[in-house]
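A.B. asks: Pasting the sequence and the predicted coordinates here, then a few questions.
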Amino acid sequence: MLIDDEPHIADVVVYMLEEHGFKVLTAADGEEGLILFTDKQPSLVLLDLNLPKKSGMEVFSEMKTLSPGTPIIMLTCRVEEPDRVLGLEMGADDYVTKPFSVRELAARVKVVLRRASQTRDPGFIEHGPLKIAEDTFSLTFHGEQIKATRAEFGLIKTLASYPARVFSRDALIREIYNDEHPVTDRTIDACVKRVRKKLLGIECSVDPIETVYGVGYKLNQELMEQEQ
């Protein structure tokens, strides 16, 4: 489902997604979008943040309450960066900044839908060339096995589980160490550095972990474009 109040953008997006085999529902404002979302229960939502009648962030919050598992990709303008960061922290699955390539958007839709289907097997995560099997404590990158400590495995698993989300250092401490013992921000930074070194030792064209200055860390979305 696409919720966007700009008809010229909506028409192009719908055409391109239908060319890729998707059936697309559309809504032009937040209130209509929520009604359609509740009635039709779409597999994925493309949500513009700047909407009439009900803001995109309000719609996002209500959708996550109604159906936490439905993936949502946010469509944002560059000036809406604070909302974008907030949305990612709240659990948005990805974001695309306007103006955007519709072909890239279609590719991101496919990736997010594939990732959502993988949640049925929570022990296995795949993101581009990165594959994680929690049950066997297995981590591979471009087909090569990587030896990782428990903290390193926990870091990459956390980032790959929500690849569009920016994790603060405090959030990573909670996810990885579970308050077992005192851990500082420097511990997280050192762990990120070690994981980067191991992954870049296999393939160095893209830094796998992106630093979002002033916020924290996230998985680099460019990994999706690499060969698996």
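C.D. replies: Here it is on my side, so go on.
A.B. asks: Phi and psi next, for L47.
C.D. replies: When read as degrees, to the nearest 10, the backbone of L47 gives phi -120, psi 110.
A.B. asks: what's near enough to touch it?
C.D. replies: Counting by CB atoms under 8 Å, 6 or more residues apart in numbering, L47 touches I3, G33, G56, V59, F60, M63, I72, I73, M74, L75. C-beta: built from backbone N, CA, C; applies to glycine.
A.B. asks: Check which residues of stretch 135-143 are buried.
C.D. replies: Within stretch 135-143, the residues that qualify as buried are L139, F141, counting by 16 or more other CB atoms under 10 Å.
A.B. asks: just to revisit the earlier point, can you tell me which of the contacts of L47 lies closest to E144?
C.D. replies: I73 (30.5 Å; CB to CB).
A.B. asks: Could you report the separation of the closest one from G30?
C.D. replies: 16 Å (CB to CB, to the nearest Å).
A.B. asks: ok, now L47?
C.D. replies: 9 Å.
A.B. asks: overlap in contacts of these two?
C.D. replies: Common neighbours of L47 and G30, using CB under 8 Å, 6+ apart, are I3, G56, V59.
A.B. asks: How much space separates the second one from V192?
C.D. replies: Same thing as G56. 31 Å.
A.B. asks: if we can go back for a sec, now the shared contacts of L47 and G30 in a markdown table, please, with extra columns for secondary structure.
C.D. replies: Formatted as a markdown table, these follow (DSSP: H, G, I helix; E, B strand; the rest coil):
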| residue | secondary structure |
| --- | --- |
| I3 | strand |
| G56 | helix |
| V59 | helix |
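A.B. asks: Go through the residues you listed and single out the one with the most neighbours.
C.D. replies: I3 (29 neighbours; other CB atoms under 10 Å).
A.B. asks: for that one, what are its contacts?
C.D. replies: Taking CB under 8 Å, 6+ apart, one finds 26-30, 32-33, 45-48, 51, 56, 59 in contact with I3.
A.B. asks: Swap in 10 Å and give it another go.
C.D. replies: 10, 25-30, 32-34, 36-37, 45-49, 51, 54, 56, 59-60, 63, 72, 75 (CB atoms under 10 Å, 6 or more residues apart in numbering).
A.B. asks: which one of I73 and G30 has more residues nearby?
C.D. replies: G30 (24 against 20).
A.B. asks: Count the neighbours of K147 for me.
C.D. replies: The number of residues packed near K147 is 8, by other CB under 10 Å.
A.B. asks: ditto for I173
C.D. replies: Using other CB under 10 Å, I173 has 19 neighbouring residues.
A.B. asks: and it, how far is that from Y217?
C.D. replies: With distances taken as CB to CB, I173 is found 12 Å from Y217.
A.B. asks: Could you pull out the residues contacting both of those two?
C.D. replies: The contact sets of I173 and Y217 overlap at F167, I188, C191 (CB under 10 Å, 6+ apart).
A.B. asks: P71 versus the residue most central in space within the chain, what's the distance?
C.D. replies: What sits nearest the mean C-alpha location of the chain, by CA atoms, centre = their mean, is A164, with 2.7 Å. Note on A164: its distance to P71, by CB to CB, is 10 Å.
A.B. asks: Name the residues contacting each of those two.
C.D. replies: G91, A92, D93, D94, V112, R115.
A.B. asks: What number of residues are in the vicinity of the third one?
C.D. replies: The local packing of D93 (other CB under 10 Å) involves 23 other residues.
A.B. asks: Please tell me how far it sits from A160.
C.D. replies: Separation of D93 from A160 (CB to CB): 13 Å.
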